[in-house]
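**Student:** Give me a 3D structure for the following:
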Amino acid sequence: MPPEVPGLSSQRQTSNIPMSPPEKLPPHQQSGQDFWVYPSEQMFFNAMKRKGLLLFDRHDWMVDRRGKGWDPQADDMRSVVAIHNSVNERAWREVMAWERLHCQECAEPRLKRFQGRPSDLSPKARLLNFMGFGLPFDRHDWVVDRCGKEVRYIIDFYNGAPQPGQRAAAAFFLDVRPALDSFEAAWDRVRMQLSWVTSGRWRD
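**Tutor:** Coordinates of the predicted model:
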């Protein structure tokens, strides 16, 4: 057990992401809980120190691709945890926007499992990069339990452009969509695109 660092909280925040227990529950998640629970500041610090990872479930977030790990600072952990939690909450809201297409089929979809795939570029990310856009800094695959049906979502994470005089990116951009694993998923993507075009939001 790594020693605790003074000043780092061991308190964990419960997410707003409902859990459908996977076949193998991660060791830092408790059985019987209804929502996924985020790691504490102490857990983040230990994970970054040990592997250069920020952990939520069993997936990797912001992996150091050079394999050298990060040099985390305890004073940064509060911000790091807040950003991580906020990004995951936003990702779930994006997933739910797609799941509303199936609200009559399933009123309460739940997140079953995660997989971090930072080294695997999605076909869409490759296409956008070929067209001149930057590459995502990370990718997750989230599997949603749609009342007994497993539906895989791909989430590409992009850094926003930094403002003049700033070193860090100003924001994260998430590209969330169902994976093309079925005709239904393909049709959902067509329907969502048509809805966006007819709404006129693209002119804003």
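
**Student:** Buried residues, stretch 23-37. List them.
**Tutor:** Applying a neighbour-count criterion of 16 or more other Cβ atoms under 10 Å, one finds Leu25, His28, Gln29, Trp36, Val37 buried in stretch 23-37. For every residue, glycine as well, the C-beta is placed using N, CA and C.

**Student:** Now intersect the residues you listed with the strands, please.
**Tutor:** Restricting the buried residues of stretch 23-37 to those inside strands, with DSSP state E as the criterion, leaves Trp36, Val37.

**Student:** Tell me the one of the buried residues of stretch 23-37 nearest Phe114?
**Tutor:** For the buried residues of stretch 23-37, the residue nearest Phe114 by Cβ to Cβ is Trp36; the value is 8.9 Å.

**Student:** related to what we said a few turns ago, reformat the buried residues of stretch 23-37 as CSV; add pLDDT.
**Tutor:** Shown next, in CSV, are the buried residues of stretch 23-37 (pLDDT from 0 to 100):
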residue, pLDDT
Leu25, 81
His28, 79
Gln29, 84
Trp36, 93
Val37, 92
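
**Student:** Which one of the buried residues of stretch 23-37 is nearest to Glu108?
**Tutor:** Out of the buried residues of stretch 23-37, the one with the shortest distance to Glu108 is Trp36. That distance is 14.6 Å, counting by Cβ to Cβ.

**Student:** Would you check that the closest one makes contact with Ile17?
**Tutor:** Yes - at 4.8 Å, Trp36 counts as touching Ile17 under the criterion of Cβ atoms under 8 Å.

**Student:** which residues do those two both contact?
**Tutor:** Leu111 (Cβ atoms under 8 Å, 6 or more residues apart in numbering).

**Student:** how far away is Ile17 from Phe114?
**Tutor:** In this structure, Ile17 and Phe114 are 10 Å apart, going by Cβ to Cβ, to the nearest Å.

**Student:** One more: Phe183?
**Tutor:** Remark: distance between Phe183 and Phe114 (Cβ to Cβ) = 25 Å.

**Student:** Compare those two (neighbour count), which wins?
**Tutor:** Here Phe183 and Phe114 are compared on neighbour count by other Cβ atoms under 10 Å; more neighbours surround Phe114, at 20 against 8.

**Student:** Shouldn't that one be within a helix?
**Tutor:** No - when the secondary structure is assigned by DSSP: H, G, I helix; E, B strand; the rest coil, Phe114 falls in strand instead of a helix.

**Student:** buried set for the strand ranked longest in the chain?
**Tutor:** Longest strand of the chain, by residue count under DSSP E: strand 149-159. By 16+ other Cβ under 10 Å, the buried positions in strand 149-159 come out as Val151, Arg152, Tyr153, Ile154, Ile155, Asp156, Phe157, Tyr158, Asn159.

**Student:** TSV please, covering these and showing pLDDT and distance to Gln11.
**Tutor:** As requested, the buried residues of strand 149-159 are arranged in TSV below (pLDDT from 0 to 100; distance: Cβ to Cβ, whole Å):
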residue	pLDDT	distance to Gln11
Val151	97	32
Arg152	97	32
Tyr153	97	29
Ile154	97	32
Ile155	96	27
Asp156	94	31
Phe157	90	26
Tyr158	88	31
Asn159	80	29
